[in-house]
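> my questions concern the predicted model and sequence given below.
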There are 2 protein chains.
Amino acid sequence: MDEGWLDIAEVAQRSGLAPSALRFYEKKGLIASAGRNGLRRTYHPDVLDRLELITCARDAGFSVAEIGRFLVARPGDPDLRARMAARAGGLDEQIGRLTRLRDSLRHAAVCDHEPLVECPDFKRALGNGPSRPWPRPQSP
Amino acid sequence: MDEGWLDIAEVAQRSGLAPSALRFYEKKGLIASAGRNGLRRTYHPDVLDRLELITCARDAGFSVAEIGRFLVARPGDPDLRARMAARAGGLDEQIGRLTRLRDSLRHAAVCDHEPLVECPDFKRALGNGPSRPWPRPQSP
DNA sequence: CTGCGACTTGAAGCGCGGTTCAAGTCAAGG
DNA sequence: CCTTGACTTGAACCGCGCTTCAAGTCGCAG
């Protein structure tokens, strides 16, 4: 009847994730299958958006467990909100560092300094961030 | 005589890394101790800069092995240069995604939508990037 | 000389994020 | 009905990035 459902192979292909990863995320509560056709998982197309979000967050360094917590977030959870805000701040710093690293790397790719890592331009680009030696996030 | 050398504990403290991590990096060729005082490693202060670079690259998602390759880079290695340039491009995309994620997260921290992840503002912020569904880097 | 304690080593262990495997189940096609 | 083959499961396994451990070695204070 309804042709709107996706099976796991299709979700895998469209999301770029392995089927095993999808089952893994399901077990961890990050996604849910809409139902079953026999034994087979059946997905609502919206799961693709969710997977995109998940992948994005993973790339940003969030753990699967933490993403799980965010995904069930409801407005009345001040703790979670605080953590989100903190994370946003952390992302800000990370973006800054990545930007500097990118610039250094771009330079390195065309620089002729002997050991590349000793190039002053390269080092300067890395060093010009927050003057403190970084508040390392460590384990959340 | 020379007071310029640091011992492992001092490097650990100043860099924010565990001594075990420093030995690990040394084993992997990312850093070198300047010499020994008896059995004990003795570090040149420059190692701190290098560690900062290493930490930065790690945060950016580079593997220890890859950082090792970059650290011994010499100008006459076109393959490596190409990889560096490619990585710089990858970082660019990552920076974009992180920026969007940060904005979404900031919004989420003050948004009143019922399941927070369903907030249209939140989703819009995430979705407005490159229209393609992302070229996933996979394993380098 | 005798602790003491901070270092040394290699090997083993751990948590994370999946992947792979063996064995089983189901739906559809012939 | 019987095969095929894509799915299902739980459990085992993997690579990475360290950390921890056991056992040993050194420098220095007393």
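Received it, and whenever you're ready, just let me know what you need.

> which ones are touching A:Val64?
The contact partners of A:Val64, by Cβ atoms under 8 Å, 6 or more residues apart in numbering or on different chains, come to A:Tyr25, A:Lys28, A:Leu30, A:Arg58. Bear in mind the C-beta positions are built from the backbone N, C-alpha and C, glycine included.

> one more: A:Arg40?
A:Asp7, A:Ile8.

> per-residue pLDDT of it, please?
pLDDT, A:Arg40: 95.

> farthest pair in the contacts of A:Val64?
A:Lys28 and A:Arg58 (11.8 Å; Cβ to Cβ).

> when the two are compared, which one has more neighbours?
In this view A:Lys28 and A:Arg58 are compared by other Cβ atoms under 10 Å in any protein chain shown, and A:Arg58 has more residues nearby, 15 against 12.

> host element of the more buried one?
For A:Arg58, the host element (DSSP states H and E) is helix A:47-59.

> list the contacts of the residue lying closest to A:Glu10 once chain neighbours are set aside.
Distances taken as Cβ to Cβ, 6 or more residues apart in numbering or on different chains place A:Tyr43 nearest to A:Glu10, at 7.8 Å, with adjacent residues excluded. By Cβ under 8 Å, 6+ apart, the contact set of A:Tyr43 is A:Trp5, A:Leu6, A:Asp7, A:Ile8, A:Glu10, A:Val11, A:Ile31, A:Ser33, A:Ala34.

> what of A:Pro115?
B:Val72, B:Ala73, B:Arg74.

> same thing with A:Ala12?
Contacts of A:Ala12 by Cβ under 8 Å, 6+ apart are A:Ala18, A:Pro19, A:Ala21, A:Leu22.

> from these, list the ones also adjacent to DNA strand D.
Filtering the contacts of A:Ala12 for neighbours of DNA strand D using Cβ under 7 Å from any atom of the strand leaves A:Pro19.

> please pick the buried ones from the contacts of A:Ala12.
In the contacts of A:Ala12, burial by neighbour count holds for A:Leu22, counting by 16 or more other Cβ atoms under 10 Å in any protein chain shown.

> let's have the contacts of A:Ala12 in JSON lines, adding distance to A:Pro115 and secondary structure.
Below are the contacts of A:Ala12 laid out as JSON lines (distance: Cβ to Cβ, whole Å; DSSP: H, G, I helix; E, B strand; the rest coil):
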{"residue": "A:Ala18", "distance to A:Pro115": "39", "secondary structure": "coil"}
{"residue": "A:Pro19", "distance to A:Pro115": "44", "secondary structure": "helix"}
{"residue": "A:Ala21", "distance to A:Pro115": "39", "secondary structure": "helix"}
{"residue": "A:Leu22", "distance to A:Pro115": "44", "secondary structure": "helix"}
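
> which of the contacts of A:Ala12 lies closest to chain B?
Using Cβ to the nearest Cβ, A:Ala18 comes nearest to chain B of the contacts of A:Ala12, at 10.3 Å.

> and the closest residue to that closest one other than its chain neighbours, what helix or strand is that in?
Using Cβ to Cβ, 6+ apart and skipping residues adjacent in sequence, the residue nearest A:Ala18 is A:Ala12, 6.1 Å away. Taking DSSP H and E as the definition, one finds A:Ala12 inside helix A:8-15.

> tell me the angle that helix makes with helix A:47-59.
Calculated by axes from the mean of the first three to the mean of the last three Cα atoms, to 10 degrees, helix A:8-15 forms an angle of 60 degrees with helix A:47-59.

> gap between the residue nearest to A:Glu10 and chain B?
To chain B, A:Tyr43 is 16 Å away according to Cβ to the nearest Cβ, to the nearest Å.

> now the phi/psi pair for that residue, please.
Per-residue torsions, A:Tyr43: phi -110, psi 140 (degrees, to the nearest 10).

> mind pulling the model confidence for it?
Note on A:Tyr43: pLDDT of 96.

> beta partners for it?
With DSSP bridges applied, A:Tyr43 shows beta-bridge pairing to A:Leu6.

> show me where chain A has helices.
Ranges of helices in chain A, per DSSP state H, are A:8-15, A:19-27, A:47-59, A:64-71, A:78-108, A:120-127.
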